[in-house]
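Student: build the 3D model from these lines:
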Amino acid sequence: MKSSEIKEYSLEALQNKLADNETEMSNLRFQKALQQLEKPTRVRELRREIAQIKTVLKELELGIRKDKGQDV
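Tutor: Presented below is the predicted three-dimensional model:
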C-alpha cells in the first residue's frame, strides 16, 4: 500500500488496518519460525506499512494532520 493511500483513510479505518496488519505480522513471524514462509519480502512490506500507519496516527493525535472522516 502506498503512503498516499494511507493518508486518505479515516482514523477508525487506520486503527482497524493497524490491528489487521499486526495480526498478520504475528502470523508471518510464526510461519517464519516454522520455516513455512512463502513470501519473505511480505514481512518487510508489512513492517513498513505498520510504521506508516503509526506515523499518520501520531500526526492525527498531535494535530498535525486532520482526520478525513470528520469532514461530515
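Student: looks like Met47 contacts Glu24 (just checking).
Tutor: To be clear, residue 47 is Arg; Met isn't right here. No: Arg47 is beyond contact range of Glu24, at 10.8 Å (criterion: CB atoms under 8 Å). Just so you know, the C-beta spots here come from the backbone N, C-alpha and C atoms, and that holds for glycine as well.
Student: give me the nearest residue to the residue most central in space within the chain, chain neighbours excluded.
Tutor: The residue lying closest to the centre of the chain (CA atoms, centre = their mean) is Ile50, at 3.4 Å. Excluding its sequence neighbours, the residue lying closest to Ile50 (CB to CB, 6 or more residues apart in numbering) is Asn21, at 5.1 Å.
Student: my read: the one you found touches Leu46, true?
Tutor: Yes: the pair Asn21 and Leu46 qualifies as a contact (CB under 8 Å) at a distance of 5.8 Å.
Student: these two: which has the busier surroundings?
Tutor: Asn21 (19 against 16; other CB atoms under 10 Å).
Student: list the buried residues in stretch 42-62.
Tutor: Neighbour counts over stretch 42-62 (16 or more other CB atoms under 10 Å) mark Val43, Leu46, Glu49, Ile50, Gln52, Ile53, Val56, Leu57, Leu60 as buried.
Student: and Lys39, helix, strand or coil?
Tutor: Following DSSP: H, G, I helix; E, B strand; the rest coil, the label given to Lys39 is coil.
Student: for it, give me the pLDDT.
Tutor: Per-residue confidence (pLDDT) for Lys39: 92.
Student: what is the neighbour count of it?
Tutor: Neighbour tally, Lys39, other CB under 10 Å: 10.
Student: one more: Glu5?
Tutor: 10.
Student: before we move on, the earlier item: secondary structure element for the residue nearest to the centre of the chain?
Tutor: helix 41-62 (DSSP states H and E).
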